[in-house]
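1. Compute the structure for the input listed below.
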Amino acid sequence: MNTPAMEDFSAAERQQVDTALLDRFGRVVIVEAADSELRLDPSIPVLTSCPTLYFSQHDCHFLLFKVGELRYRCQFFYTEDEFYGAGSLEFGDLEQCLTALLRAQADLEKERKGVRSGLTGDQIGD
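-> As a prediction, the model looks like this:
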């Protein structure tokens with residue numbers, strides 16, 4: 001059983017995402033609009049169609065979901081078996097959601113490269 005669709009990302013929200021991605025990656029990132037069916041309440045088996053923004057950078061795919069007015073979720077993935085969240089299930093602010101998403105992905109990239117917090121430049125080079 002599906003519920004009615006949510007309102008799409010506004011022009012202001014899209015601009016906010018574009019600006020953050022330009023700041024993070026230093027170039028324009030193509031952001032595509034999509035729809036995703038999500039279970040908004042884990043205890044209720046109802047799927048809700050939610051506006052989604054998708055972009056890809058450095059072999060990583062990113063998803064931003066609008067799950068209500070001023071309510072957002074996000075995740076990133078590398079393969080179908082390798083999905084990650086951003087530490088919170090839901091955010092009440094798009095900027096906070098996007099920042100958490102990008103930070104979580106950057107932290108995972110550092111971890112994959114063996115960079116640990118507190119290491120000096122000399123230790124990283126070893």
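2. Spatially, which residue comes closest to the residue nearest in space to the middle of the chain, not counting chain neighbours?
-> By C-alpha atoms, centre = their mean, the chain has its centre lying nearest to residue 74, at 3.7 Å. Sequence neighbours aside, residue 101 is the residue nearest to residue 74 in space, at 4.1 Å (criterion: C-beta to C-beta, 6 or more residues apart in numbering). Heads up, the C-betas are built off the backbone N, CA and C, glycines and all.
3. again, but for residue 105
-> With C-beta to C-beta, 6+ apart, the residue lying closest to residue 105 is residue 76, at 4.9 Å.
4. Pull the residues that contact the strand or helix carrying residue 55.
-> Per DSSP states H and E: residue 55 is located in strand 47-57. Outside strand 47-57, the residues within contact range by C-beta atoms under 8 Å, 6 or more residues apart in numbering are 1-9, 14, 17, 21, 25, 29-40, 61-67.
5. Spell out which strands sit alongside it in the sheet and which way each one runs.
-> For strand 47-57, the paired strands and their directions (DSSP bridges) are strand 2-3 (parallel), strand 32-39 (antiparallel), strand 60-68 (antiparallel).
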